[in-house]
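Trainee: A structural model of the following input is requested.
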Amino acid sequence: MNISTLSEKFGRPKGIIHVSPQFFFMRNAYLNLSISNIVWIESNPFFYELGLKIIETDFEFLYNNNIGSMNVGMNLSVDGGENTFHLIESLSLSTLINNNKLDINNYDYLYIGRQVSNLELDLFDLDSFKYITIETTTLKKDSTYYSKSVKNYMKEKRFKLVNQDLNSNFLLLTFLKKRKYNKK
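Mentor: Presented below is the predicted three-dimensional model:
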(Lines give C-alpha, C1' and ligand atoms only; values in the text may rest on other atoms or scores of the structure.)
Protein backbone atom coordinates (compact mmCIF):
# COMPACT_ATOMS: atom_id res chain seq x y z
CA MET A 1 0.00 0.00 0.00
CA ASN A 2 1.51 3.31 -0.96
CA ILE A 3 1.70 6.08 1.60
CA SER A 4 -1.05 8.15 -0.08
CA THR A 5 -3.55 5.28 0.09
CA LEU A 6 -2.53 4.50 3.67
CA SER A 7 -3.10 8.13 4.62
CA GLU A 8 -6.53 8.25 2.94
CA LYS A 9 -7.73 5.03 4.59
CA PHE A 10 -6.21 5.30 8.07
CA GLY A 11 -5.00 8.87 8.54
CA ARG A 12 -1.75 10.62 7.74
CA PRO A 13 1.22 9.46 9.83
CA LYS A 14 2.61 12.09 12.18
CA GLY A 15 6.15 10.88 11.57
CA ILE A 16 8.03 8.20 9.66
CA ILE A 17 11.09 6.10 10.39
CA HIS A 18 12.20 4.68 7.05
CA VAL A 19 14.84 1.94 7.23
CA SER A 20 15.81 0.99 3.73
CA PRO A 21 18.61 1.29 1.22
CA GLN A 22 18.14 3.89 -1.46
CA PHE A 23 15.37 5.73 0.39
CA PHE A 24 15.28 8.40 -2.32
CA PHE A 25 12.49 6.56 -4.14
CA MET A 26 10.02 7.21 -1.30
CA ARG A 27 11.09 10.71 -0.37
CA ASN A 28 8.79 12.65 -2.72
CA ALA A 29 5.74 10.65 -1.64
CA TYR A 30 6.41 11.52 2.02
CA LEU A 31 7.13 15.17 1.28
CA ASN A 32 3.96 15.49 -0.84
CA LEU A 33 1.91 14.56 2.25
CA SER A 34 3.63 17.28 4.31
CA ILE A 35 4.77 14.80 6.94
CA SER A 36 6.76 16.86 9.42
CA ASN A 37 9.00 14.22 11.03
CA ILE A 38 11.04 11.88 8.84
CA VAL A 39 14.00 9.79 9.91
CA TRP A 40 15.94 8.01 7.18
CA ILE A 41 18.16 5.11 8.24
CA GLU A 42 20.73 4.00 5.68
CA SER A 43 23.39 1.31 6.16
CA ASN A 44 25.23 1.65 2.89
CA PRO A 45 27.99 4.28 3.23
CA PHE A 46 27.67 5.26 -0.45
CA PHE A 47 23.93 6.00 -0.25
CA TYR A 48 24.35 7.62 3.15
CA GLU A 49 26.86 10.13 1.72
CA LEU A 50 24.59 10.70 -1.29
CA GLY A 51 21.61 11.24 1.02
CA LEU A 52 23.47 13.90 2.98
CA LYS A 53 23.65 15.92 -0.25
CA ILE A 54 19.93 15.53 -0.99
CA ILE A 55 18.23 16.24 2.33
CA GLU A 56 17.54 19.97 2.64
CA THR A 57 14.70 20.26 5.14
CA ASP A 58 14.70 20.93 8.87
CA PHE A 59 12.39 18.01 9.62
CA GLU A 60 14.33 15.22 7.90
CA PHE A 61 17.17 13.38 9.59
CA LEU A 62 19.52 10.83 8.05
CA TYR A 63 21.35 8.31 10.23
CA ASN A 64 23.85 5.65 9.28
CA ASN A 65 23.34 2.47 11.32
CA ASN A 66 26.34 0.71 9.76
CA ILE A 67 28.68 -0.78 12.35
CA GLY A 68 31.19 -1.89 9.72
CA SER A 69 32.43 0.05 6.72
CA MET A 70 31.69 -2.19 3.75
CA ASN A 71 29.14 -1.23 1.12
CA VAL A 72 25.98 -3.26 0.89
CA GLY A 73 25.73 -4.86 -2.52
CA MET A 74 23.02 -6.91 -4.10
CA ASN A 75 23.12 -9.07 -7.19
CA LEU A 76 19.68 -10.35 -8.18
CA SER A 77 19.07 -12.72 -11.04
CA VAL A 78 15.56 -12.72 -12.47
CA ASP A 79 16.10 -15.91 -14.48
CA GLY A 80 15.94 -18.16 -11.43
CA GLY A 81 19.68 -18.09 -10.70
CA GLU A 82 21.25 -17.62 -7.32
CA ASN A 83 20.53 -14.43 -5.41
CA THR A 84 23.47 -12.83 -3.68
CA PHE A 85 23.08 -10.44 -0.79
CA HIS A 86 26.05 -8.83 0.96
CA LEU A 87 24.84 -7.84 4.39
CA ILE A 88 26.58 -5.75 6.99
CA GLU A 89 26.23 -5.64 10.73
CA SER A 90 24.00 -2.78 11.80
CA LEU A 91 22.66 -1.19 14.96
CA SER A 92 19.25 -2.23 16.24
CA LEU A 93 16.40 0.22 15.88
CA SER A 94 16.22 0.70 19.66
CA THR A 95 19.93 1.48 19.87
CA LEU A 96 19.69 3.96 17.01
CA ILE A 97 16.68 5.71 18.59
CA ASN A 98 18.35 5.88 22.00
CA ASN A 99 21.77 6.97 20.70
CA ASN A 100 20.23 9.85 18.74
CA LYS A 101 17.77 10.79 21.50
CA LEU A 102 14.80 10.58 19.16
CA ASP A 103 11.40 11.14 20.75
CA ILE A 104 9.65 8.02 19.51
CA ASN A 105 6.27 9.67 20.21
CA ASN A 106 6.85 11.83 17.11
CA TYR A 107 6.82 8.76 14.82
CA ASP A 108 4.00 6.32 14.19
CA TYR A 109 4.96 4.76 10.83
CA LEU A 110 7.86 2.35 10.37
CA TYR A 111 9.01 1.26 6.90
CA ILE A 112 11.50 -1.62 6.73
CA GLY A 113 13.18 -2.40 3.40
CA ARG A 114 13.88 -5.92 2.19
CA GLN A 115 17.65 -5.73 2.54
CA VAL A 116 17.39 -4.93 6.23
CA SER A 117 17.71 -8.36 7.79
CA ASN A 118 19.88 -7.33 10.74
CA LEU A 119 17.43 -4.82 12.19
CA GLU A 120 16.27 -6.12 15.54
CA LEU A 121 12.62 -5.35 16.22
CA ASP A 122 11.70 -5.64 19.85
CA LEU A 123 8.46 -5.01 21.69
CA PHE A 124 9.46 -1.43 22.59
CA ASP A 125 9.96 -0.62 18.94
CA LEU A 126 6.68 -2.08 17.73
CA ASP A 127 4.50 -0.69 20.51
CA SER A 128 5.44 2.80 19.42
CA PHE A 129 4.06 2.47 15.89
CA LYS A 130 0.57 2.55 14.44
CA TYR A 131 1.61 1.51 10.91
CA ILE A 132 4.40 -0.80 9.79
CA THR A 133 5.33 -1.72 6.22
CA ILE A 134 7.79 -4.56 5.65
CA GLU A 135 9.29 -5.47 2.29
CA THR A 136 10.06 -9.13 1.69
CA THR A 137 11.83 -10.45 -1.36
CA THR A 138 10.01 -12.75 -3.77
CA LEU A 139 13.24 -14.01 -5.31
CA LYS A 140 14.50 -16.08 -2.40
CA LYS A 141 13.58 -19.75 -2.26
CA ASP A 142 12.18 -19.34 1.25
CA SER A 143 10.20 -16.16 0.58
CA THR A 144 6.82 -17.82 1.22
CA TYR A 145 8.01 -19.11 4.58
CA TYR A 146 9.52 -15.74 5.44
CA SER A 147 6.31 -13.86 4.53
CA LYS A 148 4.26 -16.22 6.69
CA SER A 149 6.65 -15.89 9.61
CA VAL A 150 6.53 -12.07 9.35
CA LYS A 151 2.72 -12.16 9.30
CA ASN A 152 2.59 -14.48 12.31
CA TYR A 153 5.10 -12.39 14.25
CA MET A 154 3.18 -9.18 13.56
CA LYS A 155 -0.07 -10.85 14.56
CA GLU A 156 1.50 -11.84 17.89
CA LYS A 157 2.47 -8.19 18.38
CA ARG A 158 -1.16 -7.13 17.80
CA PHE A 159 -0.82 -5.83 14.25
CA LYS A 160 -3.34 -6.61 11.53
CA LEU A 161 -2.29 -7.15 7.92
CA VAL A 162 -4.23 -4.54 5.93
CA ASN A 163 -2.55 -4.83 2.54
CA GLN A 164 -0.20 -6.92 0.40
CA ASP A 165 1.33 -5.50 -2.77
CA LEU A 166 3.18 -7.93 -4.99
CA ASN A 167 5.73 -6.44 -7.37
CA SER A 168 8.16 -8.29 -9.61
CA ASN A 169 10.94 -8.42 -7.00
CA PHE A 170 9.28 -7.90 -3.64
CA LEU A 171 6.16 -8.19 -1.56
CA LEU A 172 5.06 -5.21 0.55
CA LEU A 173 3.21 -6.15 3.72
CA THR A 174 1.43 -3.26 5.46
CA PHE A 175 0.21 -3.70 9.02
CA LEU A 176 -2.01 -1.56 11.24
CA LYS A 177 -1.88 -1.74 15.02
CA LYS A 178 -4.99 -3.33 16.49
CA ARG A 179 -6.96 -1.30 18.97
CA LYS A 180 -6.52 -2.15 22.62
CA TYR A 181 -9.64 -3.33 24.38
CA ASN A 182 -10.01 -3.26 28.13
CA LYS A 183 -11.24 -6.45 29.76
CA LYS A 184 -13.92 -6.00 32.39
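Trainee: can you pull out the strands in this protein?
Mentor: Listed in chain order, the strands of the chain (DSSP state E) span 16-19, 38-42, 60-64, 74-75, 84-85, 109-112, 131-137, 159-166, 170-177.
Trainee: not counting its neighbours along the chain, what's nearest residue 105?
Mentor: residue 128 (7.5 Å; Cβ to Cβ, 6 or more residues apart in numbering). C-beta here means a position set from N, CA and C on the backbone, and glycine is covered the same way.
Trainee: quick one on the thing from earlier: turn the strands of the chain into TSV, columns for distance to residue 10.
Mentor: Shown next, in TSV, are those (distance: least, Cβ to Cβ, whole Å):
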stretch	distance to residue 10
strand 16-19	14
strand 38-42	18
strand 60-64	23
strand 74-75	31
strand 84-85	32
strand 109-112	10
strand 131-137	7
strand 159-166	8
strand 170-177	6
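Trainee: for the ones you listed, which has the smallest mean pLDDT value?
Mentor: Mean pLDDT is lowest for strand 74-75 out of the strands of the chain, coming in at a mean of 38.
Trainee: give the contact list for the closest residue to residue 18 other than its chain neighbours.
Mentor: In space, and not counting its chain neighbours, residue 18 is closest to residue 111: 4.5 Å by Cβ to Cβ, 6+ apart. Residues near residue 111 by Cβ atoms under 8 Å, 6 or more residues apart in numbering: 16-20, 26, 132-133.
Trainee: what are the phi and psi values at residue 101?
Mentor: phi 50, psi 40 (degrees, to the nearest 10).
Trainee: what is the burial count for it?
Mentor: 6 (other Cβ atoms under 10 Å).
Trainee: tell me how far it lies from residue 14.
Mentor: 18 Å (Cβ to Cβ, to the nearest Å).
Trainee: re earlier: for the residue nearest to residue 18, name its beta-bridge partners.
Mentor: residue 18, residue 133 (DSSP bridges).
Trainee: have a look at this structure and report its longest helix.
Mentor: Across the chain, the longest stretch assigned as helix under DSSP state H is helix 143-156.
Trainee: which regions of the chain sit below the pLDDT cut-off?
Mentor: Low-confidence segments of the chain, defined by pLDDT under 70: 21-22, 66-90, 115-125, 137-146, 168, 180-184.
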